[in-house]
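Participant: Attaching a predicted model along with its sequence, questions to come.
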Amino acid sequence: MQIKEGKKKRPDHSTAEGSPPAIELPTMTIAEATKIADKAAEVMIAAEYGPNGYTPLSLVGASSRRDVANALYIVLAETYEESSGNQSGIEWFANWSKSAGGSLNQMLFVFPCMPDNELLKITSTKKFSPEYFAEDKRLRQLIANDGTKSLESAESFVAFLKSLKPNASDYWASVYSRIGLCWNEEKPQ
């Protein structure tokens, strides 16, 4: 399932001829993020991980490992927005966000989500053979070098959310900017 229906452009405010074109940023709707996060939760609850402890991205409906992280960040932001209206909601969110951070770590590093095509060889290799260990090492190197280890922790992202006013008109634009996505929709009421 491909969740990105295209790329959105930042407004091009340049007027000079020959200026560089607008930067294209990926986008993800709140509904798409919720669907990915829900599927990730289902996979973790059912412990239905893919081959050899890796989770095929198709099981969670994401097109990349970064999309899994972005989906969880967006769900954190939406849940914070919805729970910040009263003290009991804030306390509930504090506890819930810790488990969400664990989910992010689990989906990226413990039972890591991987592109389905990257898992083809390890699924056809005899477990614990030299080829198996070589392929597992290759997959672990992909994980180490794909930039997800440098992503913001859920704890840090929650601290960022707490610095925002959830009812402010720029709340979602700030959230999306923080995770490198383009916000171009109105928050549904």
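Facilitator: Received it, and whenever you're ready, just let me know what you need. Note that this is a predicted model, so its numbers are computed, not measured.
Participant: Residue ranges in the protein under the pLDDT threshold?
Facilitator: Per-residue confidence for the chain (pLDDT under 70) gives these ranges: 1-25, 51, 185-189.
Participant: Identify the residue nearest the geometric centre of it.
Facilitator: In the chain, the centroid-proximal residue (CA atoms, centre = their mean) is residue 69; its distance is 1.9 Å.
Participant: what's near enough to touch the nearest residue to it once chain neighbours are set aside?
Facilitator: What sits nearest to residue 69 in space, not counting adjacent residues and going by CB to CB, 6 or more residues apart in numbering, is residue 151, at 5.3 Å. C-beta here means a position set from N, CA and C on the backbone, and glycine is covered the same way. Counting by CB atoms under 8 Å, 6 or more residues apart in numbering, residue 151 touches 66, 69, 108.
Participant: Residue 39 too?
Facilitator: Contacts of residue 39 (CB under 8 Å, 6+ apart): 59, 60, 61.
Participant: Of the residues you listed, just say which sits nearest to residue 162.
Facilitator: Checking the contacts of residue 39 against residue 162 by CB to CB gives residue 60 as the nearest, at 27.2 Å.
Participant: so how many other residues sit close to that closest one?
Facilitator: The number of residues packed near residue 60 is 23, by other CB atoms under 10 Å.
Participant: For it, give me the backbone phi and psi.
Facilitator: Its backbone dihedrals place residue 60 at phi -110, psi 0, with angles given as degrees, to the nearest 10.
Participant: From residue 28, how far off is it?
Facilitator: Using CB to CB, to the nearest Å, one gets 13 Å for the distance from residue 60 to residue 28.
Participant: is it fair to say residue 166 lies in a strand?
Facilitator: No - applying DSSP: H, G, I helix; E, B strand; the rest coil, one finds residue 166 to be coil, outside a strand.
Participant: what are the ranges of the strands in the protein?
Facilitator: Along the chain, the segments classed as strands by DSSP state E run 7-9, 24-26, 55-56, 113-114.
Participant: any chance of the contacts of residue 151 in TSV, plus distance to residue 40?
Facilitator: Below are the contacts of residue 151 laid out as TSV (distance: CB to CB, whole Å):
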residue	distance to residue 40
66	14
69	10
108	10
